[in-house]
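**Q** give me the fold of what follows.
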Amino acid sequence: MHAVRVLCAALALATAGAASAQAYPVKPVRIISPFPPGQATDIMARLVAENLAQPLGQPFLVENRSGAGGALGTEAAAKAAPDGYTLVMATIGALAISPALYSKLGYDPVRDFAPIANLGLTPQTLVVSSSSGLRTLKDFVEHAATTPVAYASSGNGSASHLAMEMFRSASGVHLNHIPFKGSSEAQTQVLGGQVQIMFDAIPGVAAQIRAGKLRALGIASPERSPFFPDVPTIAEQGYPGFAAVGWIGIAAPARTPEPVLDRLNAEVRRVIAKPEIRERLAALSFLPVGDSREQFAAFIKAEVAKWARVVKESGAKVD
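**A** Residues are numbered from 1 along each chain as shown. Predicted structure coming up:
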């Protein structure tokens, strides 16, 4: 009799969960973008929000809560009610890099979130000024072996900083780090010749590469970028396995009901599969993903482990 009651209770819970997913959402949904308006994370958040509203029958509202490299908005999402009405843009900085950088972070990247889907990827790219005499990655390594070289980054502990630290470790060259307040400021210094070289994500340097003002020495992805197919990867230039690829996805607070997460994943993947959305992502220099919840969760775990190693080896700290 007891077993029957347990079975009935389980069936009732399953039925309730399915019913809640079918009804979801019954009110507006908030998507926290942990970066300022106009940045890639915010643009992608609004792209998703616009395309989820109609099929799900409720507004999806983007709320910008920037600060601490995305950690502030991400923490707010971690502490929100796990009911499907607060989502967050999940980024490499906030979920994979910050946990290793900050000794006191208000969330755990794996325990406190339910990944929904990865939206897009963009690799770091090694660039110099086109007026520089450096034309290949080999040129740079040989130059750095005999001459002190300073590199710019968009800030201590940023992806551009850590990508160069990865390369320094892989190549054995000696480099001096000069952090700036953001990618634009760092790029200005490289363009002006005050600093020789930097890593940055493709969206940040694509226009200057196409304009002939920056020269790309290598792409930090497993395969060549379709946006710059003539630029060799760093891996194929003698550094096998070298990869520093940024990503932006979407997640919910942990313990959000599974049926709600499944429905959101299905709708997000439908959005990413649209030709016009893929074109918009390409315009942002992002490769579309649209994977399963399980794939994105496994990906995040691997990224957390990878960047923890890089941060430890680099000695980078921000607090």
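**Q** which strand runs longest in the chain?
**A** If you go by DSSP state E, the chain has its longest strand at strand 113-129.
**Q** in the helix or strand just after it, what counts as buried?
**A** Later in the chain than strand 113-129, the nearest helix or strand by DSSP states H and E is helix 137-146. The neighbour-count criterion (16 or more other CB atoms under 10 Å) identifies Leu137, Phe140, Val141, His143, Ala144 as the buried residues of helix 137-146. All C-beta spots, glycine's among them, are computed from the backbone N, C-alpha and C.
**Q** same deal with stretch 129-138?
**A** Ser129, Ser132, Leu134, Leu137.
**Q** so what's the residue nearest to Pro109 when sequence neighbours are not counted up against?
**A** Counting by CB to CB, 6 or more residues apart in numbering, Pro109 lies nearest to Leu95, which is 4.3 Å off, once chain neighbours are set aside. For Leu95, the contacting residues are Thr74, Pro109, Phe113, Ala251, Ile300, Glu303, Val304, by CB atoms under 8 Å, 6 or more residues apart in numbering.
**Q** in helices, which of the residues you listed fall?
**A** Of the positions in the contacts of Leu95, Thr74, Ile300, Glu303, Val304 sit in helices, assigned by DSSP state H.
**Q** quick one: the residue positioned nearest the centre of the chain from Val268, how far?
**A** Taking CA atoms, centre = their mean, the centroid of the chain lies closest to Trp247, which sits 2.7 Å from it. Counting by CB to CB, to the nearest Å, the gap from Trp247 to Val268 is 14 Å.
**Q** and for Ile250, the neighbour number?
**A** Ile250 has 22 neighbours, counted by other CB atoms under 10 Å.
**Q** show me the shaky parts of the stretch 1-150 of the chain.
**A** Residue ranges of the stretch 1-150 of the chain with pLDDT under 70: 1-22.
**Q** now do the helices in it.
**A** 2-23, 40-56, 71-78, 98-101, 137-146 (DSSP state H, counting those that start in this stretch).
**Q** if we can go back for a sec, most neighbours, which of the ones in helices among the contacts of Leu95?
**A** That'd be Thr74 among the ones in helices among the contacts of Leu95, by other CB under 10 Å, with 28 neighbours.
**Q** ok, that one touching Thr41?
**A** No: Thr74 is not in contact with Thr41 according to CB atoms under 8 Å; the separation is 10.8 Å.
**Q** so which of the buried residues of helix 137-146 is the closest to Leu284?
**A** Taking CB to CB as the measure, Leu284 lies nearest Leu137 of those, at 25.7 Å.
**Q** what's near enough to touch that closest one?
**A** Leu126, Leu217, Gly218, Pro232, Ile234, Gln237, Gly238.
**Q** now rank those residues by neighbours and give me the top one.
**A** Going by other CB under 10 Å, Ile234 tops the contacts of Leu137 with 29 neighbours.
**Q** could you look up the SS state of the residue lying closest to Arg135 once chain neighbours are set aside?
**A** Leaving aside its chain neighbours, Arg135 sits nearest to Arg215 (7.0 Å; criterion: CB to CB, 6+ apart). Here Arg215 is recorded as strand under DSSP: H, G, I helix; E, B strand; the rest coil.
**Q** from the chain's centre, how far out does stretch 66-75 sit?
**A** 13 Å (CA atoms, centre = their mean, to the nearest Å).
**Q** wait, stretch 197-210
**A** That offset, for stretch 197-210, works out to 16 Å (CA atoms, centre = their mean).
**Q** repeat that for stretch 137-150.
**A** Centroid displacement of stretch 137-150 relative to its chain, using CA atoms, centre = their mean, is 29 Å.
**Q** can you start the count at 518 instead of 1 from here on
**A** Right, with 518 as the first residue, what we last looked at is stretch 654-667.
**Q** the domain parsing of this structure - what is it?
**A** 544-639+763-831, 640-754 (automatic domain parsing).
**Q** partner residues bridging the residue nearest to Gln812 when sequence neighbours are not counted?
**A** Among residues not flanking Gln812 along the chain, Asn635 sits closest, at 7.5 Å (CB to CB, 6+ apart). In this entry, Asn635 is beta-bridged to Gly766, by DSSP bridges.
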